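Undergrad: Sharing a sequence plus its predicted fold:
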Amino acid sequence: QVQLVESGGGLVQAGGSLRLSCAASGLTFSRYAMGWFRQAPGKERERVAAIGWSGTNTYYLDSVRGRFTISRDNAENTVYLQMNSLKPEDTAVYYCAADPRTSTVVSEWAYWGKGTLVTVSS
C-alpha cells in the first residue's frame with residue numbers, strides 16, 4: 001500500500017520560509033518522479049514543482065521559480081519543498097504526489113498524499 005505523508009505546513013508571515021517534507025512508503029521510491037502540488041480555495045490544483053527519479057531534472061511553476069526548491073533523498077524515501085520569500089498568494093493546501101513520469105497533467109499522477117496547509121499572512 002503506497003503512502004505519502006506530508007509535513008511542515010503552517011502559518012508564516014509574508015517573506016518568510018517553510019520547508020515541506022513528504023515521506024513515501026510502499027513503493028520503490030527511486031523509480032518514481034515526485035511532485036508538489038497546491039490547491040487554494042476555489043481554485044484548481046496546480047503543479048508547483050516536480051523532480052525526476054534521479055533528482056537531476058526539476059520543473060517549476062513560473063510563479064515560484066527562484067523562490068521554491070524541490071529536492072529528494074532516495075535513501076530516506078523523502079521529497080522536500082523549500083519555500084522562501086513566501087507571498088500571501090502561496091496560501092494553499094500543498095500535496096505531494098508520485099508517478100513514474102513527471103507529467104504536467106494533475107490527473108495523471110498515480111499516488112497522492114493528504115496534504116498540508118500553508119498559510120501566508122500579509
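TA: Received it, and whenever you're ready, just let me know what you need. In this text, all values refer to a predicted model and were calculated from it rather than measured experimentally.

Undergrad: so where does the residue nearest the centre of the chain fall, helix or strand?
TA: By Cα atoms, centre = their mean, the chain has its centre lying nearest to Trp36, at 2.1 Å. Assessed by DSSP states H and E, Trp36 sits inside strand 33-39.

Undergrad: Counting neighbours, which bits of that strand end up buried?
TA: Neighbour counts over strand 33-39 (16 or more other Cβ atoms under 10 Å) mark 33-38 as buried. Yep, even glycine has a C-beta here, placed from its N, CA and C like the rest.

Undergrad: number of nearby residues for Gly52?
TA: By the criterion of other Cβ atoms under 10 Å, Gly52 has 15 neighbours.

Undergrad: ok, it to Arg72 distance?
TA: Gly52 sits 9 Å away from Arg72, taking Cβ to Cβ, to the nearest Å as the criterion.

Undergrad: again, but for Val64
TA: Taken as Cβ to Cβ, the span from Val64 to Arg72 is 17 Å.

Undergrad: Can you give me the end-to-end span of stretch 52-63?
TA: End-to-end distance of stretch 52-63: 20 Å, with Cα to Cα, to the nearest Å as the criterion.

Undergrad: my read: Arg6 touches Trp112, true?
TA: Quick fix: residue 6 is Glu, not Arg. No - between Glu6 and Trp112 there is no contact under Cβ atoms under 8 Å: 9.8 Å.

Undergrad: Same drill for those two, tell me which one is more crowded.
TA: Taking other Cβ under 10 Å, Glu6 and Trp112 do not tie; Glu6 has more neighbours (22 against 18).

Undergrad: ok, what's across the strand from the more buried one?
TA: For Glu6, the beta-bridge partners are Cys22 (DSSP bridges).

Undergrad: ok, back up a step: what touches both of Glu6 and Trp112?
TA: 95-96 (Cβ atoms under 8 Å, 6 or more residues apart in numbering).

Undergrad: Which strands and helices lie in contact with the strand holding Trp36?
TA: Strand 33-39 sits against strand 18-25, strand 46-51, strand 68-73, strand 78-83, strand 92-99, with contacts defined as 3 or more Cβ pairs under 8 Å, 6 or more residues apart in numbering; DSSP states H and E.
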